[in-house]
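[1] Got a sequence here, can you build the structure:
(one chain, ligands or ions: 2)
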Amino acid sequence: MTVTLTVHRGTQEIGGTCIEIAHGGGARLILDAGRPLDAPRDAVGLLPTSLDLGRPATVLICHAHQDHWGVLHEMPKDWPVWTGPMSERLIRLGYAMNKQSLDHAISTWTYRRTFRVGPFAITAWLTDHSAPDAAMLLIEADCKRIFYTGDFRMHGRKARLVTDLMAAPPKDIDVLITEGTNIGTDKPTMAETEIEERFVQLLDQVSGRLFVYWSAQNVDRTASLFRAVRRRRRRMFVNLYAAEVMDIVAPGTRLPRVSSDFPELSLVVTKGQRAVRRLTAEKDRQADELIERCKATEQAIAARSLPSDAVVMIRDSSLKDFEGAGIHPGPDDAFVFSAWSGYADTIAARTYALMRQAGARIEHIHTSGHASAADIQAFITALAPGTVVPVHGENWDRSQHGFPQLLRLRDGQAHVIDRHHNGLL
Ligand SMILES: [Zn+2]
Ligand SMILES: [Zn+2]
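    Residues are numbered from 1 along each chain as shown. Ligands and ions are numbered 1, 2, ... in the order given. Now for the predicted structure:
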């Protein structure tokens, strides 16, 4: 029987990923149900038009960034869904934050334990990325072996997951589907540990408050900043969503969460956050419980009580609450934008303006959540696949230097997979 690969969306863009693997007997897997990054906020009807919704399929979500799950609710409700155990909770939290409902049943995989969906055998590997619980996937059907990287990097706090996989790679890969976010860009890919050192240096130079924008889901960054805060004996204050994410991700790991084990970390409760009513009563209850638990250990404070040398998570949406609480940035304070610089104008424009006006020091401290071109090449070499299909990148056609020959598909173009067990490298 044939096995056919169709990238419905993602051959030409970063995000919005949706890839189909179809078995000749009719069974189908859909890898990711990604929302396009450039979709307007209220846009609906975002599934790729080439995806057939009339036949059964099983959906695998590689990690909990919206460009991989954000249109899941538009897929038929009887399509089973699989993802990582934390990703399942993060996706549900994401839907609650977006005030949308998700009616799909979601099963969760155990890493490195093969499970079956019809004719497919699937094995997930935990990988290093700026989202927690990110997976790479091996899919086997009819003696064809397909490996999907999802989003990954090799310079985060979990880089060893990738280097260990490369040292003992799955054999006889016919098709490697790889992301290429950083192909043809100059995004920084310094080690996450270097980010911690830069925060330490900055804390040595800033006597006032340090306001930081970073993604709550980027738990490596939360850990880097927290470690710097602890080394410099400061205190760190996160918002409710970040505290909820850490509550999902941290138990059983060394990652920080707001609890008595991490007295340097607290929740800052603002009026705006309390006013965010969740879609489900259960999510409300979970948030209220978290706030009560933080209060019980004196790790929840109102914005007006922020210490004068606090390290504070900031959002454009929290400025009004901070201002109302008498928190006015000044020349002794600093603002760090700790996310991709391309987002600065859209997500932190008002914070930048306020900090400039206040005379606060402004810094950009960041490293990419995605592998450098050189690291992707090393990964391809280690897996020695028969064919490489690039996705999740904008510059694959311009920047192929150092890569083996790539199979460039168009969105929606079906490709019948051949066996290539000798490898092309
Ligand atoms: Zn992505
Ligand atoms: Zn991602």
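[2] Find me the pLDDT at residue 97, would you?
    Per-residue pLDDT puts residue 97 at 83.
[3] Over to residue 273?
    Looking at residue 273, its pLDDT is 72.
[4] Not counting sequence-adjacent ones, nearest residue to it?
    residue 240 (4.6 Å; CB to CB, 6 or more residues apart in numbering). Glycine gets a C-beta too; all of them are placed from N, C-alpha and C.
[5] Look up how far ligand 2 lies from that neighbour.
    23 Å (CB to the ion, to the nearest Å).
[6] and residue 194, which of the three is it?
    helix (DSSP: H, G, I helix; E, B strand; the rest coil).
[7] Model confidence at it, what's the number?
    At residue 194, the pLDDT recorded in the model is 97.
[8] What separation is there between the nearest residue to it once chain neighbours are set aside and ligand 2?
    Among residues not flanking residue 194 along the chain, residue 367 sits closest, at 7.1 Å (CB to CB, 6+ apart). From residue 367 over to ligand 2 the distance is 14 Å, taken as CB to the ion.
[9] if we can go back for a sec, close enough to count as contact, the residue nearest to residue 273 and residue 271?
    No - applying CB atoms under 8 Å as the test, residue 240 and residue 271 come out as separate, 11.7 Å apart.
[10] In terms of packing, which of the two has more residues around it?
    Set residue 240 next to residue 271 and count neighbours by other CB atoms under 10 Å: residue 240 wins out with 22 against 13.
[11] Run through the residues of the stretch 251-400 of the chain sitting next to ligand 2.
    Within the stretch 251-400 of the chain, no position lies close to ligand 2 (CB under 5 Å from the ion).
[12] In the stretch 251-400 of the chain, where is pLDDT below threshold?
    274-279 (pLDDT under 70).
[13] the strands in it, which residues?
    265-269, 300-302, 311-313, 334-337, 361-364, 387-391 (DSSP state E, counting those that start in this stretch).
[14] so which of these comes closest to residue 294?
    strand 300-302 (3.7 Å; CB to CB).
[15] and the closest one, what does it pack onto?
    strand 265-269 (3 or more CB pairs under 8 Å, 6 or more residues apart in numbering; DSSP states H and E).
[16] Just the closest residue of the stretch 301-425 of the chain to ligand 1, please.
    Using CB to the ion, the closest approach of the stretch 301-425 of the chain to ligand 1 is made by residue 392 at 5.7 Å.
[17] and the closest residue to that residue other than its chain neighbours, what is it in contact with?
    Counting by CB to CB, 6+ apart, residue 392 lies nearest to residue 179, which is 3.8 Å off, once chain neighbours are set aside. Contacts here follow CB atoms under 8 Å, 6 or more residues apart in numbering; on that basis residue 179 touches 149, 150, 151, 152, 370, 371, 376, 391, 392, 393.
[18] how about residue 145, phi and psi?
    phi -120, psi 120 (degrees, to the nearest 10).
[19] what sits opposite it in the beta ladder?
    Using DSSP bridges, the bridge partners assigned to residue 145 are residue 140.
[20] from what I can see it touches residue 172, true?
    Yes - look at residue 145 against residue 172 with CB under 8 Å: they come within range, at 5.6 Å.
[21] Neighbour count: these two, which is higher?
    A side-by-side neighbour count of residue 145 and residue 172, using other CB under 10 Å, places residue 145 first with 23 against 17.
[22] how near is the more buried one to residue 418?
    For residue 145, the distance to residue 418 equals 12 Å [CB to CB, to the nearest Å].
[23] ok, now residue 103?
    Residue 103 sits 39 Å away from residue 418, going by CB to CB.
[24] Between the two, tell me which one has more neighbours.
    Each of residue 103 and residue 418 has its neighbours counted (other CB under 10 Å); residue 418 has more, 13 against 8.
[25] Now do the SS call for the more buried one.
    Of the three states, residue 418 takes coil under three-state DSSP.
[26] In the stretch 1-150 of the chain, which residue sits closest to ligand 1?
    Per CB to the ion, residue 67 is where the stretch 1-150 of the chain lies closest to ligand 1, at 4.3 Å.
[27] Spatially, what comes nearest to the residue nearest the centre of the chain if we skip its sequence neighbours?
    Centroid check for the chain by CA atoms, centre = their mean gives residue 131 as the closest residue, at 3.1 Å. Nearest non-adjacent residue to residue 131, counting by CB to CB, 6+ apart: residue 63, 4.5 Å away.
[28] Residue 320: how many residues sit nearby?
    Neighbour number of residue 320 under other CB under 10 Å is 13.
[29] my guess is residue 326 contacts residue 304, does it?
    Yes - at 5.6 Å, residue 326 counts as touching residue 304 under the criterion of CB under 8 Å.
[30] who has more neighbours, these two?
    Between residue 326 and residue 304, counting by other CB under 10 Å, residue 304 is the more crowded of the two (13 against 9).
[31] mind listing what the more buried one touches?
    325, 326, 327.
[32] Check residue 246 too.
    Per CB under 8 Å, 6+ apart, neighbours of residue 246: 219, 222, 238, 255, 256, 257, 258.
[33] Next up, the contacts around the first one.
    Think residue 219. For residue 219, counting by CB under 8 Å, 6+ apart, the contacting residues are 132, 245, 246, 249, 250, 255.
[34] and which of these is nearest residue 401?
    Checking these against residue 401 with CB to CB, the nearest one is residue 132 at 32.6 Å.
[35] How is that closest one assigned, secondary-structure-wise?
    Strictly by three-state DSSP, residue 132 counts as coil.
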